[in-house]
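Visitor: this one's structure only:
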Ligand SMILES: [Zn+2]
Ligand SMILES: [Zn+2]
Ligand SMILES: [Zn+2]
Ligand SMILES: [Zn+2]
Ligand SMILES: [Zn+2]
């Protein structure tokens, strides 16, 4: 991470140079051999060690440090999260998106990250919906309506990847603001803008539009691909969003994925409400019935609306007959780790880890030895609740994917606390 | 673990994580139908069969106890190679004794639940370690040999484990020995693409195990394995732990309640108006917003 920061200045400088070049001949003003060096940035995968020697970046400790930082920012937030989100992803497909400083081009890289983001988003935000808007030739175009199915969005987006003309931030915001005004009041309204251009070509006063977005409580966040743009920064500040500029593809991915976990719920942004929902049972395989969504006879699978007993093919949906919102309970449970987060594990103090007798031999989770070759204790962490020791790999897995502490879950006495909460 | 580079892992090499329910209250309640010792002889024969099917197959056994969970056996370690059965039984006995000594309250009415969420979490950590070991590794799957009833307090933890298994494409197979179906394991197997089975005749447990659960993931594609007879997807409400098929959901945290509340007990949100009936919301334009 340090690496990135120290290279920051250099990179900015580099970018500016490129921009100038791009103006006249679209980056072709440079010789091919020069471009290889400028584009691949091979110097970034090296770091200097204590003795001044160059060596490849130590990925493992870097990764663990990165994860610790992420953990700190997420656990600082309160328990209230805006879990029902209505998010528009606004993708800039203006001329600037065709540039090739990202390989093979900015828009392809953006589309790739958006695809991964959409899948992650629905994993973390059940009941939320996404829509896609594109900016091209000075107009904004609604590519997909708000919906809860990742595949349909991805398919449409991948079919529409061409760039031309200018981007108009104002047109885009106007469109999204009018679309988001229709959603129920308990939903969180958000726009995530992936902006390649360095300017916006607007028909009117964009400041008015920014105020309009603020008034209708649309949280706007922008991720830039080239350099900081004042109007984007202003927009984010005014509407409570976040603004960042990506340095390279992996940084872009990191920035995009920061928007996947639900943001803290802000009372003034959405009204808390109770929503009535049904949890249909899945029918046994081989049962024949007529579904209410396609009006066809189908064999096996399917769900039954608990109120009117109509048959539905897929969840989540709204019952066609009685209008009840139908979800599967596992769908809701996907978000419960936000409600009951596990405490971050603490580093083991050197006094403990230097005395091998105090340490168990193996990681409690995966049984990996906690001793380096040569019987020196490797770095490990321990859970403050159950006092079990874990290896660094398990630490990351437990907090990022599993969301359970194996130690706390395998002892009944410590269970009583979490049972009372749940 | 033995270095992977020297081994040739094909797609029919398995890593089988077996979670054995050792809850003494449960085994006491089924003493007449299937004593624990008889159950173990079925399981040992099955584990031997797995190791014999392919010399690269690996078996790890975790005990799901009443007060704790622990690793019992790992065929990849040196001590797992010789005298497999004796070794496993010895460790299991030690575990059961230790588990019993941790028991504090003497009066437990009914079988009580065992710590399935703990052993599932441990198994998943172990599997992640196998994934980390390199691009070549046996294909992992989890088999729960479970009898105790579901512990409602474990709902969130078990769901978390299920989703993590699903993300890593690890199927969770369930063989339910108890009297009732387990809604947790039904959902676990359904979501992760595993097999759920509740044997009719416990005397033939070995037959069930070897015909249904012994096949590797690759060969499963060619077999007609038991299909789930419906999955219990009802949720349990946070307020009374009742199982409900219709309920109210907090729009902030998605907690489930069986009755209308003024305030959410999980996140503290105060609910403004009368509950929103989605069908009667006036500002809804689209008819099916969440079409799949
Ligand atoms: Zn209905
Ligand atoms: Zn570990
Ligand atoms: Zn713990
Ligand atoms: Zn209740
Ligand atoms: Zn709530």
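Guide: It's in. A quick note: this is a predicted structure, and the numbers were derived from the prediction, not measured. Numbering: from 1, shown residues only, chains lettered A, B, ... in the order given. Ligands and ions are numbered 1, 2, ... in the order given.
Visitor: Run through the strands of the stretch 51-200 of chain B in chain order.
Guide: With strands called from DSSP state E, counting those that start in this stretch, the stretch 51-200 of chain B shows them at B:58-64, B:69-74, B:139-146, B:172-176, B:196-197.
Visitor: Sheet-wise, list the partners of the second one with their directions.
Guide: Within its sheet, strand B:69-74 is paired with strand B:58-64 (antiparallel), according to DSSP bridges.
Visitor: quick one: the partner strand to strand B:139-146, angle?
Guide: Computed with axes from the mean of the first three to the mean of the last three C-alpha atoms, to 10 degrees, the direction of strand B:58-64 lies at 30 degrees from that of strand B:139-146.
Visitor: Run through the chain and note the low-pLDDT ranges.
Guide: By default, I'm working from chain A. A:1-30, A:32, A:35-51, A:55-62, A:70-82, A:264-270, A:285, A:349-358, A:373-376, A:413-422 (pLDDT under 70).
Visitor: um, chain B though
Guide: B:1-8, B:78-82, B:104-111, B:273-292.
Visitor: Domain parsing of it, as residue ranges.
Guide: Here the domain parsing of chain B from automatic domain parsing is B:14-222, B:234-276.
Visitor: Could you tell me the angle between the direction of the strand or helix carrying residue B:16 and that of strand B:172-176?
Guide: Applying DSSP states H and E as the criterion places residue B:16 in strand B:14-21. Interaxial angle, strand B:14-21 versus strand B:172-176 (the same axes, to 10 degrees): 40 degrees.
Visitor: Does chain A have contacts with strand B:14-21?
Guide: No: Strand B:14-21 lies apart from chain A when judged by C-beta under 8 Å from any C-beta of the partner chain; the minimum separation is 11.4 Å. In this view, the C-beta of every residue, glycine as well, is placed from N, C-alpha and C.
Visitor: what's the offset of that strand from the middle of its chain?
Guide: The gap between where strand B:14-21 is centred and where its chain is centred comes out at 10 Å by C-alpha atoms, centre = their mean, to the nearest Å.
Visitor: Look through the stretch 1-150 of chain B and state the residue closest to ligand 2.
Guide: As assessed by C-beta to the ion, ligand 2 sits closest to residue B:125 within the stretch 1-150 of chain B, at 5.7 Å.
Visitor: The closest residue to that residue other than its chain neighbours in helix, strand or coil?
Guide: Leaving aside its sequence neighbours, residue B:125 sits nearest to residue A:365 (C-beta to C-beta, 6 or more residues apart in numbering or on different chains; 3.2 Å). Counting by DSSP: H, G, I helix; E, B strand; the rest coil, the backbone at residue A:365 sits in coil.
Visitor: before we move on, what about residue A:200?
Guide: With three-state DSSP as the criterion, residue A:200 reads coil.
Visitor: For the closest residue to it other than its chain neighbours, which residues are in contact?
Guide: In space, and not counting its chain neighbours, residue A:200 is closest to residue A:169: 4.0 Å by C-beta to C-beta, 6+ apart. Shown in contact with residue A:169 (C-beta atoms under 8 Å, 6 or more residues apart in numbering or on different chains): A:135, A:193, A:195, A:200, A:202, A:206, A:231-232, A:235.
Visitor: what are the phi and psi values for residue A:169?
Guide: phi -60, psi -40 (degrees, to the nearest 10).
Visitor: measure it to ligand 4 for me?
Guide: According to C-beta to the ion, to the nearest Å, residue A:169 stands 48 Å off from ligand 4.
Visitor: check contacts around residue B:61.
Guide: B:18, B:20, B:47, B:71-74, B:88.
Visitor: ok, the strand holding residue B:16: who's next to it in the sheet?
Guide: Assessed with DSSP bridges, strand B:14-21 is paired to strand B:58-64 (parallel), strand B:139-146 (parallel).
Visitor: before we move on, the earlier item: okay, the residue of the stretch 1-150 of chain B closest to ligand 2 and residue A:64: tell me how far apart.
Guide: To residue A:64, residue B:125 is 16 Å away according to C-beta to C-beta, to the nearest Å.
Visitor: Likewise for residue B:9?
Guide: From residue B:9 to residue A:64 the distance is 28 Å (C-beta to C-beta).
Visitor: Would you map the helices across the stretch 1-150 of chain B?
Guide: With helices called from DSSP state H, counting those that start in this stretch, the stretch 1-150 of chain B shows them at B:24-29, B:36-53, B:84-101, B:116-132.
Visitor: Can the first one be said to contact chain A?
Guide: The one in question is helix B:24-29. No: applying C-beta under 8 Å from any C-beta, one finds helix B:24-29 out of contact with chain A, separated by at least 12.4 Å.
Visitor: Quick check: buried residues in that helix?
Guide: Neighbour counts over helix B:24-29 (16 or more other C-beta atoms under 10 Å in any protein chain shown) mark B:24-27, B:29 as buried.
Visitor: For the stretch 1-150 of chain B, give the residue positioned nearest to ligand 5.
Guide: residue B:117 (22.8 Å).
Visitor: burial measure for that residue, as a count.
Guide: 29 (other C-beta atoms under 10 Å in any protein chain shown).
Visitor: Helix or strand for the residue in chain A positioned nearest to ligand 5, just tell me which one.
Guide: Per C-beta to the ion, residue A:272 is where chain A lies closest to ligand 5, at 7.0 Å. Using DSSP H and E, residue A:272 falls within no helix or strand.
Visitor: How about it, nearest residue that isn't a chain neighbour?
Guide: residue B:269 (3.6 Å).
Visitor: Count the neighbours of the one you found for me.
Guide: By other C-beta under 10 Å, the residues close to residue B:269 number 24.
Visitor: ditto for residue B:227
Guide: By other C-beta under 10 Å, 12 other residues sit near residue B:227.
Visitor: And the residue positioned nearest the centre of chain B, how far from ligand 1?
Guide: Centroid-nearest residue in chain B: residue B:144, 5.0 Å away (criterion: C-alpha atoms, centre = their mean). Distance of residue B:144 to ligand 1, computed by C-beta to the ion: 34 Å.
Visitor: Am I right that that residue is in contact with residue B:17?
Guide: No: at 9.2 Å, residue B:144 does not count as touching residue B:17 under the criterion of C-beta atoms under 8 Å.
Visitor: mind giving me the domain split of chain A?
Guide: If you go by automatic domain parsing, chain A breaks into A:81-269, A:277-336, A:346-421.
Visitor: Verify the assumption that residue A:192 is located in a strand.
Guide: Yes: applying three-state DSSP, one finds residue A:192 inside a strand.
Visitor: doesn't residue A:221 make contact with it?
Guide: Yes: Residue A:192 lies in contact with residue A:221 (C-beta under 8 Å); the separation is 5.3 Å.
Visitor: Ligand 2 contacts on the stretch 301-422 of chain A?
Guide: A:363, A:365-366, A:368, A:391, A:394 (C-beta under 5 Å from the ion).
Visitor: In the stretch 151-292 of chain B, what residue lies closest to ligand 2?
Guide: As assessed by C-beta to the ion, ligand 2 sits closest to residue B:164 within the stretch 151-292 of chain B, at 14.4 Å.
Visitor: ok, that residue touching residue A:400?
Guide: No: counting by C-beta under 8 Å, residue B:164 stays clear of residue A:400, with 9.5 Å between them.
Visitor: who has more neighbours, these two?
Guide: Each of residue B:164 and residue A:400 has its neighbours counted (other C-beta under 10 Å); residue B:164 has more, 25 against 12.
Visitor: Who wins on neighbours among the residues of the stretch 301-422 of chain A next to ligand 2?
Guide: Neighbour max across those (other C-beta under 10 Å) = residue A:394, 30 neighbours.
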